[in-house]
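# Structure for this input, please:
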Amino acid sequence: MTMQTSSAPPSGRERRVDRHALAWGLGLPAGRVLLVAVACSLAWVALVAGAGWSPYPGPPLVTAVAMLPVNVVCLAVVVRRIRATGRRVRDMIGYRRGRLGRDILWGLLWLLVLYVPFAVTIMLVMWALHGAAMFTAFETVFFDPESVPDLSPAVAAVLAIVAVLTFAPLNAPTEELLYRGAAQEDLSSRMPVPAAILISAAFFGLQHIWYAPTSAAVVVYACAFFVWGVGSGVIAWRQGRLLPLIIAHGLVNLLTTLPALLVPFLLANGLS
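Now for the predicted structure:
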């Protein structure tokens, strides 16, 4: 993956860091997957303690809120890694003054380009798992009525506001910088680019099993987000910057968290 980097020769410290590029390329995404697993598990424990029994994993609303500390930690670590190797976060993102409108259009294009194979993968995996009953299975695989927690409207409102205000703005840049930025670059310095893209995408798919709404959706999520990760990795490698992907990713995260604002209204009116 080719990103804009400083033309100055690396210092002795940077060469020592670069010798560990493979360890960082594997360690960054592996560490994030572990943090996501721990955060989701702790959020589920807190939910069980506060609202009674709830199927594992927890509902998307609680998971999105649990990602706040994970994203803060991961963003700090990945920024530190990028700077330690003489690269600049700004160059990796690729923001250019006066071109934000064009980057938004690129983001919308990549959203469409990535969504098509993502959706096709979901359909194919559902067919492989459920055959002719796949469309009936959609009703239970992606939604479990028992997983809706017994929360008061006030608590649900606070969680929804925190999720909407923090998840998309933090999650999208953090994951793109980590998976398609630092990790993919580090891996591609030690192996062919296609292998680096596939490995990074595999971790990306693995991370998303913790967001699956039911245990039956785990395999579907892993496969679909692996495909999304491959597509994003190719785009990042070809385009040489991450801003359009961050925009596309952020739009997806925003659209998946905005419905959470309806939860307090539904609870208050006994419609959950």
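# center of this protein, which residue is that?
E175 (5.3 Å; Cα atoms, centre = their mean).
# right, and it touches G250 too?
No - in this structure, E175 sits apart from G250 without contact. The criterion is Cβ atoms under 8 Å, and the distance is 10.0 Å. Any C-beta I mention is one placed from the backbone N, CA and C, and that applies to glycine too.
# how close does V73 sit to A84?
Per Cβ to Cβ, to the nearest Å, V73 is found 17 Å from A84.
# host element of the nearest residue to W127 once chain neighbours are set aside?
Using Cβ to Cβ, 6 or more residues apart in numbering and skipping residues adjacent in sequence, the residue nearest W127 is M134, 5.0 Å away. M134 is located in helix 134-141, with elements delineated by DSSP states H and E.
# Go ahead and name everything in contact with that helix.
123, 126-127, 129-130, 214, 216-217, 220 (Cβ atoms under 8 Å, 6 or more residues apart in numbering).
# Would you show me how to pick out the buried ones of the residues you listed in PyMOL?
Per 16 or more other Cβ atoms under 10 Å, the buried members of those correspond to this PyMOL selection:
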select buried, resi 126+214+216+217+220
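# how about the strand or helix carrying V234: buried residues?
Element membership of V234 [criterion: DSSP H and E] is helix 218-239. In terms of neighbour count (16+ other Cβ under 10 Å), helix 218-239 has its buried residues at 218-237, 239.
# repeat for stretch 77-93
Neighbour-count burial for stretch 77-93, with 16+ other Cβ under 10 Å as criterion, is recorded at 77-79, 81-82, 85-87, 89, 91-93.
# just to revisit the earlier point, tell me the one of the contacts of helix 134-141 nearest L22?
Taking Cβ to Cβ as the measure, L22 sits nearest to V220 out of these, at 30.7 Å.
# just checking, that closest one touches I122?
Yes - here V220 reaches I122: they are 5.8 Å apart, a contact under Cβ under 8 Å.
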